[in-house]
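In: how would this look folded up:
(one chain, ligands or ions: 1)
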Amino acid sequence: MIKLKVPATSANIGPGFDCLGLAYSFYNEYNIEKSDKMLIEGCDPAFNTKKNEFNIAFEKTMKVLNKKGSYHVVENPFVPASRGLGSSANVIVAGCKAANLLYGNGKLSDDEIFQIATNVEGHPDNIAPAIFGGLTASVMFENGYYFHKKYKVSNKLYFTVLIPDFKTSTKIARKLLPKKYKREEMVHTISHCILLVEALQSGNFDLLKTVCKDVVHEPYRKRLIKDYDLIKKTVEKNGDAVLLISGSGPTLLAISKNKSFAKNLKLKHTKSNWIVKELKIYEG
Ligand code: HSE
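Out: Model (predicted):
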């Protein structure tokens with residue numbers, strides 16, 4: 001029997017669409033053992049199927065290992081699903097690691113697992129922090145290899161997720177995005193993204209506030225989150241926090257320079273119920 005803990009993640013972080021991600025000390029847990037027959041428990045029984053992303057990731061890893069065998073997994077999904085906290089990357093990383101540990105003696109490196117898991121997910125921005133922790137930037141080389149770089153996040157910044165009581169689909173949220181962008185949107189994104197990485201590392205909140213603005217996905221996705229404008233106004237009213245969409249939403253991420261930010265935040269007149277949770281960065 002092996003036990004795995006895989007962290008929740010926020011992808012994008014504003015202008016870092018499909019390439020930046022952050023990992024939190026907030027985890028899903030998995031107990032896994034070898035078995036003759038696939039069995040996925042701890043979730044809705046409808047998810048006990050071969051199409052479950054845990055199973056897809058497990059089987060892809062077994063193929064790389066050139067091994068045959070199955071498993072019984074009991075999931076403890078503390079991270080809410082379909083909320084923009086990387087739950088899909090979470091099960092994919094767990095599936096890859098489970099195969100590697102149960103049948104491969106752990107011979108695949110984290111980087112090899114990163115390649116397999118990203119190919120299952122389709123983009124690396126949740127997968128990289130779920131494996132390596134911290135703040136990660138990822139890029140796909142022309143030969144299909146995914147490269148990542150990990151950065152340490154300043155302890156002068158405080159991260160608070162606001163999780164609503166409704167779900168959204170990443171597939172639908174991706175369909176809302178334009179196929180093409182203008183040159184000025186491209187320049188905005190490159191410049192803001194580079195300096196966002198600098199601001200998160202240095203803890204320079206004034207810089208963070210300036211560069212944490214996205215033109216690629218947030219303007220198109222905020223309509224899926226009815227309380228977005230109200231919450232943005234509330235979070236940013238004192239000038240000590242910025243609000244972003246976590247991944248493809250609907251969870252929102254506030255980054256603040258004020259350590260009492262989460263404790264003092266009062267959301268009023270929202271249409272949905274929101275859980276406010278301050279999270280520490282998982283360093284990996
Ligand atoms: N970068 C992805 C998106 C994250 O925004 O669609 C969600 O998986």
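
In: can you map out the helices along the chain?
Out: Assigned by DSSP state H, the chain shows helices spanning 53-65, 87-103, 110-121, 127-132, 170-175, 183-202, 205-211, 218-221, 228-236, 261-264.

In: hey, C-alpha coordinates of the longest one in PDB?
Out: I take that to be helix 183-202. This file holds the C-alpha atoms of helix 183-202, laid out as PDB (Å, rounded to 0.1, in the frame of the first residue of the first chain):
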ATOM      1  CA  ARG A 183      -0.500  42.600 -31.300                       C
ATOM      2  CA  GLU A 184      -1.100  45.000 -28.400                       C
ATOM      3  CA  GLU A 185      -2.700  42.100 -26.400                       C
ATOM      4  CA  MET A 186       0.400  40.000 -27.100                       C
ATOM      5  CA  VAL A 187       2.700  42.800 -26.000                       C
ATOM      6  CA  HIS A 188       0.600  43.300 -22.900                       C
ATOM      7  CA  THR A 189       0.800  39.600 -22.000                       C
ATOM      8  CA  ILE A 190       4.500  39.200 -22.500                       C
ATOM      9  CA  SER A 191       5.500  42.300 -20.600                       C
ATOM     10  CA  HIS A 192       3.000  41.700 -17.700                       C
ATOM     11  CA  CYS A 193       3.900  38.000 -17.400                       C
ATOM     12  CA  ILE A 194       7.600  38.500 -17.200                       C
ATOM     13  CA  LEU A 195       7.200  41.200 -14.500                       C
ATOM     14  CA  LEU A 196       4.600  39.100 -12.700                       C
ATOM     15  CA  VAL A 197       7.200  36.400 -12.100                       C
ATOM     16  CA  GLU A 198       9.600  39.100 -10.700                       C
ATOM     17  CA  ALA A 199       6.900  40.500  -8.500                       C
ATOM     18  CA  LEU A 200       5.900  37.100  -7.000                       C
ATOM     19  CA  GLN A 201       9.500  36.300  -6.200                       C
ATOM     20  CA  SER A 202      10.500  39.700  -4.800                       C
END
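
In: just how off-centre is that helix within its chain?
Out: 19 Å (CA atoms, centre = their mean, to the nearest Å).

In: do the same with the fourth one
Out: Its chain's average C-alpha position is 8 Å from that of helix 127-132, according to CA atoms, centre = their mean.

In: What is it packed up against?
Out: The contact analysis (3 or more CB pairs under 8 Å, 6 or more residues apart in numbering; DSSP states H and E) places helix 127-132 against strand 2-11, strand 20-35, helix 87-103, helix 110-121, strand 135-140, strand 146-151. Using the backbone N, CA and C atoms, a C-beta is placed for each residue, glycine as well.

In: Tell me how far residue 161 lies from the ligand.
Out: 14 Å (CB to the nearest ligand atom, to the nearest Å).

In: which ones are touching that residue?
Out: 10, 24, 85, 246, 251, 252, 253, 254, 276, 277, 279 (CB atoms under 8 Å, 6 or more residues apart in numbering).

In: how about the helices of the chain, which one is nearest residue 17?
Out: Residue 17 lies closest to helix 183-202 among the helices of the chain, at 7.3 Å (CB to CB).

In: quick revisit: need the helices of the chain in a markdown table with mean pLDDT and mean neighbour count, can you?
Out: Converted to a markdown table, these look like this (pLDDT from 0 to 100; neighbours: other CB atoms under 10 Å):
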| stretch | mean pLDDT | mean neighbour count |
| --- | --- | --- |
| helix 53-65 | 98 | 21 |
| helix 87-103 | 98 | 26 |
| helix 110-121 | 98 | 20 |
| helix 127-132 | 98 | 29 |
| helix 170-175 | 96 | 14 |
| helix 183-202 | 98 | 16 |
| helix 205-211 | 97 | 18 |
| helix 218-221 | 97 | 18 |
| helix 228-236 | 97 | 17 |
| helix 261-264 | 96 | 15 |
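
In: Ok, which of those comes nearest residue 160?
Out: Using CB to CB, the nearest of these to residue 160 is helix 261-264, at 4.3 Å.

In: picking that back up, include distance to the ligand when you put the helices and strands packed on helix 127-132 into a markdown table, please.
Out: Formatted as a markdown table, the helices and strands packed on helix 127-132 follow (distance: least, CB to the nearest ligand atom, whole Å):
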| stretch | distance to the ligand |
| --- | --- |
| strand 2-11 | 4 |
| strand 20-35 | 8 |
| helix 87-103 | 7 |
| helix 110-121 | 7 |
| strand 135-140 | 10 |
| strand 146-151 | 14 |
